[in-house]
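Participant: quick one, fold the following:
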Amino acid sequence: MTVAAVVLAAGGGTRWTGLGHKLLAPFRGRPLVAWAIEAAQQAELDELIVVTGAVDLADLLPAKATVLLNPQWETGQASSLQVAATYAKTKGHEAMILGLGDTPLVPTSAWQDVAQEPGDLVCANFGGERRPPFKVAAKHWAAFPRQGDQGARDLLLGRVAPVTDVSCAGNPIDIDTVEDLAQWN
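Facilitator: All right, here's what the predicted structure looks like:
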């Protein structure tokens, strides 16, 4: 089975009121998105895919990362999932581990734990809370929404098939606002 790590980093950060794009905001000495990309990269899955859109992340990406531009990033996260799934199908990946670019405290071990857990739908569980990274086998990619900003929520909630939880270390907080950044920085 080939498994791709996918970092979704295309959104516009509409709740962010700080200077510049939130993914480029300094977080503990580095751009916010650098933490999620590094964690996914160090999981050493078969391919690292970063879906971009609203902001150019080229200077932050590892040389071996596959960068997919979502030209419809303004329509919401569903379009990024479609971009990732379309690409992953062409590469023959059998599963994707989906993570978010604004979750800097999700460690590499969470990506690895989710990837290694058997099952078609496997989600990290942080102290009782399901949060990405989230493994989705190829047979479920057709269930990704085609529009809107809900992402893989229906899959995550087990509405399509049972989800296996894997207990993970780390903190799944996402940084959406200036206040979030101040709280966790």
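
Participant: give the residue spans of this structure that score low on pLDDT.
Facilitator: Counting by pLDDT under 70, not a single residue of the chain qualifies.

Participant: buried ones in stretch 151-170?
Facilitator: For stretch 151-170, burial by neighbour count (16 or more other Cβ atoms under 10 Å) applies to Gly151, Ala152, Leu155, Leu156, Val160, Val163, Asp165, Val166, Cys168, Gly170. Using the backbone N, CA and C atoms, a C-beta is placed for each residue, glycine as well.

Participant: need the residues you listed in a markdown table with secondary structure and distance to Pro133, can you?
Facilitator: Putting those into a markdown table (DSSP: H, G, I helix; E, B strand; the rest coil; distance: Cβ to Cβ, whole Å) gives the following:
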| residue | secondary structure | distance to Pro133 |
| --- | --- | --- |
| Gly151 | coil | 12 |
| Ala152 | coil | 11 |
| Leu155 | helix | 13 |
| Leu156 | helix | 11 |
| Val160 | coil | 18 |
| Val163 | coil | 13 |
| Asp165 | strand | 12 |
| Val166 | strand | 10 |
| Cys168 | coil | 8 |
| Gly170 | coil | 10 |
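
Participant: nearest to Met96 among these?
Facilitator: Distance ranking of these against Met96, using Cβ to Cβ, places Ala152 first at 9.7 Å.

Participant: who touches the closest residue to Phe144 other than its chain neighbours in this structure?
Facilitator: Leaving aside its chain neighbours, Phe144 sits nearest to Leu81 (4.3 Å; criterion: Cβ to Cβ, 6 or more residues apart in numbering). Contact analysis of Leu81 by Cβ atoms under 8 Å, 6 or more residues apart in numbering lists Leu8, Leu98, Phe144, Pro145, Gly151, Ala152.
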